[in-house]
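Engineer: I would like to see how this sequence folds:
(chains A and B)
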2 protein chains.
Amino acid sequence: MTFQKRTHNCGELRIENENQEVILNGWVAVVRDMGGLIFIDLRDRYGITQLVIEPNNYPNLAEKSKELKSEYVIWAKGTVRKRENPNPRIPTGLIEILLNDFSIINRSELPPFEIKDDLETSEELRLKYRYLDLRRHSLQKNFLIRHKLYQVVHSFFDSQSFIEVETPVLMKSTPEGARDFLVPSRINKGRFYALPQSPQIFKQILMISGFDRYVQIVKCFRDEDLRSDRQPEFTQIDVEMSFIDREDIFKLVEGLFKRVWKDILDIEISIPFPRLSYNETMTRFGSDKPDTRFQMEIVTITDIVKNSNFKVFSDTISSGGVVGLINAKGCSDFSRKKLDELAEFAKKYGAKGLAWIKLQDGEINSPIAKFLDKSELDSIISSSNAENGDLLLIISDSWLKCYTILGALRNEIAKQTGILENVSDKFAFLWVTDFPLLEFDEEEQRYVSMHHPFTSPMDEDLELLEKEPEKTRAKAYDIVVNGAEVGGGSIRIHDGTVQSKIFSLLGMSQTEAESKFGFLLDALKFGAPPHGGIALGLDRIVMTLCGTENIRDVIAFPKTTSGLSLMDGAPTFVEEKQLKELGIKLIE
Amino acid sequence: MTFQKRTHNCGELRIENENQEVILNGWVAVVRDMGGLIFIDLRDRYGITQLVIEPNNYPNLAEKSKELKSEYVIWAKGTVRKRENPNPRIPTGLIEILLNDFSIINRSELPPFEIKDDLETSEELRLKYRYLDLRRHSLQKNFLIRHKLYQVVHSFFDSQSFIEVETPVLMKSTPEGARDFLVPSRINKGRFYALPQSPQIFKQILMISGFDRYVQIVKCFRDEDLRSDRQPEFTQIDVEMSFIDREDIFKLVEGLFKRVWKDILDIEISIPFPRLSYNETMTRFGSDKPDTRFQMEIVTITDIVKNSNFKVFSDTISSGGVVGLINAKGCSDFSRKKLDELAEFAKKYGAKGLAWIKLQDGEINSPIAKFLDKSELDSIISSSNAENGDLLLIISDSWLKCYTILGALRNEIAKQTGILENVSDKFAFLWVTDFPLLEFDEEEQRYVSMHHPFTSPMDEDLELLEKEPEKTRAKAYDIVVNGAEVGGGSIRIHDGTVQSKIFSLLGMSQTEAESKFGFLLDALKFGAPPHGGIALGLDRIVMTLCGTENIRDVIAFPKTTSGLSLMDGAPTFVEEKQLKELGIKLIE
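Structural biologist: Numbering: from 1, shown residues only, chains lettered A, B, ... in the order given. As a prediction, the model looks like this:
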């Protein structure tokens, strides 16, 4: 069980170390017996170093080496020497270690898959043997990036006078939006803690406490039906500031991202980021998290076709809807089948149909051309800058649906035509601002908050709250990069009266508001400063930095989409006794 | 709702800023109307600045100021000028701001207690209004220290090539020691996640994954009946390293503490810390977490009194026990009543009685003197360096009880005689090593791990495992400062066979071991490196740095000893619907 401790790791020896006597510890990656010489690639987190045994001089080592297999752990002692055949692909490639001693520290069974970067094995198997999966360099580098991100975040916020404060994990259940994970209390039977969906109220309380600038890298929890890019527990960079307006948050976060991209990827990103209102980003890109690495902006043609003979358009418009299109450049050769597939795709987003116009061989080819005047067609073509070879995809629907469908089509065309591939090394950041405060939930037949109920309405929209709540804009903002929302925040309500009014607009009785959020309403009575903040999705930022679309590539021990941890089998059944102590039982 | 944003905070203006026009934001601490002038102390996290209104020149401001009350939030604009009566106690004391404008941003009701450092109000009220409690400078400074500690920890470990990795909060329940907090799974009904008591297994898995050096500042959870210095959620600095022995951990942690004490308190502590075996610390100080800021070491007098006529001593010894004493210097004037109280105190630790010898006025005064020979008395006195005026407190009992009781008496005497008070500005660190691997649990009638079941036995004690398990020493260590354990760790088992043997010694069947820890046993099969680590109690370290004995002074939103959060009322009852979705119900 004893072993000789390393003097160096497997990634640091260079030609300057020639003739040094060293000891390495690590995992056997490969053993190659070339007859005259035996080579062992020894691996650790820091790199790979070639060991060499000369059977003529060390017959006993040669004999011992026959026992070695992949993933055996060994210590090895020897002298650094220049390689005859350098390997320029690895930093230690100029040297090797001529061994004069080594021993096995621990053995390994045959791993269920090879420890290499381009692995073709099921994710299930990889997650079950996560400790082997995590030995792969391609995954380890993600966690080094994640580690660096933590460091940059800590030091950036520290340099800006922020205080890191830990907020409770065992807190009060105030479900609003997603479901809470609950934790039964043993000491107070019948009662439950909840795991935080975000430390939102606590960070506001910290502002009311006068902490002025708060930051925390914090685990949050949502008991949702998981999609492939969601995890029941996720990490956010949680920020709150007092005596500020949203421009302060923008500058702060821009400064952070600039430093992160520089320190981690050595890329200079340009700040400030564009600021687009919700209205603008929806009408131009059909999404509140647009991918602005490419153009293909939406063109609204409502005015052009509002009096058209094509009833689908004119009826939609007369009932308050809009008509828009995207120009899929150079796609006029899309087959009928492909267009049908695009129509199917659009239907998934709620489209009733998909109209199209091809500009092919100098001619217009379109099922709807016969319903349109020449002047209408000309206007459509000129407004969308369409040229020969282009394909226009047209949607008519209510405002939100029309733009949302066009936004989805825009992304789909970018994917299908290789545009996305071409911009994959670019980073396009933007702020989306001026979100609506509320949206009407048809199912619950009431207004719900678009962000959360603590978001401040715009000062100039305050009077709309009574008359036309749905028109009230919020002091809310999202930060978006490459079509993914990486954070969202707002200026919060610091006036108790306004906060109560919002609760009531959301259909909460005063009793309910008191019972759920009474402590916040109380706190607002004792001199709450104006404050606001943001929560940045750390997992998503790491994904962007690592260039992966799989959230499980950046979380060391992730859950599957059914919330399972395949390595340890959590969640598990527990003993009856444990439940009894908690005062709960399973429903039969 | 709009306000003029500050140009400076309330702690930064100096005489160098004279004549500058500035805007401040903050809380009104005090308003003093001196007739000719009105003074306002404005407070924020950074300090206090004096504002002044000249009613003659600004009658409207004077009028508006009548509305101001404590804890109102205002913005104030004016010119920095030199004070006529400087206040040397605050950094801004040389200047004041002559206002030309100000407005109220938010009002405050009368707070339930004053916002000041030396507050005489119940902790209950303070916890209910935690946002007001946290406005007090004396608490805010604790959280600044806590913040600084995070920064030092992050940068220290980063500089030593450690990787921060987040381990899961929703994990598998493997109760061993304390109770787990459970979290019902909605998607997998009838099954439960557990909150981690520590990320122990995950950090070992990370070593098996080759991460080599891991650190995390991490929340841990224990569902215990709380004592005043415990919280259901607490924070630890969690560390693990591969290819090391315990001396590497000692050096690492000593380096960390040295930097923490230097960077935060500007105190140079001396390293390396003393290393005392469990046996030595028990027999010298009667505790495995001794307060070594003062002496008063235990003297074992077993050999002196083993043939004594005093049956209490000789019988104890002949049945395997020991006799020891502490010399309470200068305490010979303790009254009979005080001695009775000490005897009562000792009984709480299981003492059957407390013998004493006073050296008073050149005479020996003791109820047991008559049972002892002169030579025995002389030996006792000389071995304990007793002088006139001293009081010897003697305990005879089994080894563990005798020393534990004497250790408790040692601390109690230090408290009562002012010794503790005298050393309150000192810091005494030490390592306690060579703990027993197992202890026999009389209640469960089986061996339990003294640290945890993953602790490696000493190599030279491996064969004791079979024959005399209770004599096996562990590669475990604790770090202690000023009589409090601030961390503990061990070299872990990296050999699957040894790990299985330990599980079986702990009374676990193979099936049970597989079902609880199968994934660890599996992982140990694939090339586990030798590894070890430590978990440092962050809350306790902050307490030591802040000089407080109240853990709630260093946790922003603590729970009471009944697990309640008085501010928000957690835990709370939840809706039937929520429980039903989780597949559980309350036991009637």
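
Engineer: Please count neighbours and contacts with C-alpha atoms only from this point.
Structural biologist: Noted.

Engineer: Let me see the ranges of the strands in the stretch 201-350 of chain A.
Structural biologist: With DSSP state E, counting those that start in this stretch as the criterion, the stretch 201-350 of chain A has strands at A:213-221, A:233-242, A:275-277, A:299-300, A:322-328.

Engineer: most neighbours per residue, which of the ones you listed?
Structural biologist: Using mean count of other CA atoms under 10 Å in any protein chain shown, the stretch among the strands of the stretch 201-350 of chain A with the largest mean neighbour count is strand A:322-328, at a mean of 26.

Engineer: so who does the residue of the stretch 51-200 of chain A found nearest chain B touch?
Structural biologist: Across the stretch 51-200 of chain A, no residue is closer to chain B than residue A:108, which sits at 4.1 Å (CA to the nearest CA). Contacts of residue A:108 were listed using CA atoms under 8 Å, 6 or more residues apart in numbering or on different chains, and they are A:69, A:70, A:71, A:72, A:73, B:525, B:526, B:527.

Engineer: returning to what we had before: kindly reformat the strands of the stretch 201-350 of chain A as JSON lines containing distance to residue B:142 and mean pLDDT.
Structural biologist: Formatted as JSON lines, the strands of the stretch 201-350 of chain A follow (distance: least, CA to CA, whole Å; pLDDT from 0 to 100):
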{"stretch": "strand A:213-221", "distance to residue B:142": "15", "mean pLDDT": "98"}
{"stretch": "strand A:233-242", "distance to residue B:142": "20", "mean pLDDT": "98"}
{"stretch": "strand A:275-277", "distance to residue B:142": "39", "mean pLDDT": "97"}
{"stretch": "strand A:299-300", "distance to residue B:142": "57", "mean pLDDT": "98"}
{"stretch": "strand A:322-328", "distance to residue B:142": "58", "mean pLDDT": "98"}
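
Engineer: Distance to chain B added to those, as CSV?
Structural biologist: CSV is the format used below for the strands of the stretch 201-350 of chain A (distance: least, CA to the nearest CA, whole Å):
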stretch, distance to chain B
strand A:213-221, 8
strand A:233-242, 8
strand A:275-277, 21
strand A:299-300, 36
strand A:322-328, 37
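
Engineer: can you list those in TSV and add distance to residue B:296?
Structural biologist: Listed next are those as TSV, based on distance: least, CA to CA, whole Å:
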stretch	distance to residue B:296
strand A:213-221	45
strand A:233-242	50
strand A:275-277	70
strand A:299-300	86
strand A:322-328	86
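
Engineer: Which of the contacts of residue A:108 fall in strands?
Structural biologist: The members of these that map onto strands under DSSP state E are residue A:73.

Engineer: picking that back up, count the neighbours of the closest residue to the residue of the stretch 51-200 of chain A closest to chain B other than its chain neighbours for me.
Structural biologist: With CA to CA, 6 or more residues apart in numbering or on different chains as the criterion, residue A:108 has its nearest non-adjacent residue at 4.1 Å, and that residue is residue B:526. Residue B:526 sits with 25 neighbouring residues when counted by other CA atoms under 10 Å in any protein chain shown.

Engineer: you'd agree residue B:526 is up against residue A:105?
Structural biologist: No: in terms of CA atoms under 8 Å, residue B:526 does not count as a neighbour of residue A:105; the distance is 12.0 Å.

Engineer: Find residues that contact each of those two.
Structural biologist: Shared contacts of residue B:526 and residue A:105 (CA under 8 Å, 6+ apart): residue A:72.

Engineer: if we can go back for a sec, show the model's pLDDT score for the residue of the stretch 51-200 of chain A closest to chain B.
Structural biologist: For residue A:108, the pLDDT comes out at 97.

Engineer: Tell me the gap between stretch A:300-309 and the middle of its chain.
Structural biologist: 39 Å (CA atoms, centre = their mean, to the nearest Å).

Engineer: Next, residue A:586: phi, psi?
Structural biologist: phi -80, psi 150 (degrees, to the nearest 10).

Engineer: Do you know the pLDDT at residue A:77?
Structural biologist: According to the model, residue A:77 scores 98 on pLDDT.

Engineer: Regarding it, what is its secondary structure?
Structural biologist: Following DSSP: H, G, I helix; E, B strand; the rest coil, the label given to residue A:77 is strand.

Engineer: ok, it touching residue A:23?
Structural biologist: Yes: counting by CA under 8 Å, residue A:77 sits close enough to residue A:23 to count as a contact (4.3 Å).

Engineer: Can you give me the buried ones in the lengthiest helix in chain A?
Structural biologist: Of all the segments assigned as helix in chain A under DSSP state H, the longest by residue count is helix A:137-159. The neighbour-count check on helix A:137-159 (16 or more other CA atoms under 10 Å in any protein chain shown) flags A:137-140, A:142-154, A:156-158 as buried.

Engineer: Now do the contacts for residue A:395.
Structural biologist: Taking CA under 8 Å, 6+ apart, we find residue A:395 in contact with A:323, A:324, A:325, A:351, A:353, A:354, A:355, A:402, A:405, A:406.

Engineer: Give me the distance from the host helix or strand of it to the chain's centre.
Structural biologist: With elements taken from DSSP states H and E, the one containing residue A:395 is strand A:391-397. Between the mean C-alpha location of strand A:391-397 and the chain-wide mean there is a distance of 30 Å, by CA atoms, centre = their mean.
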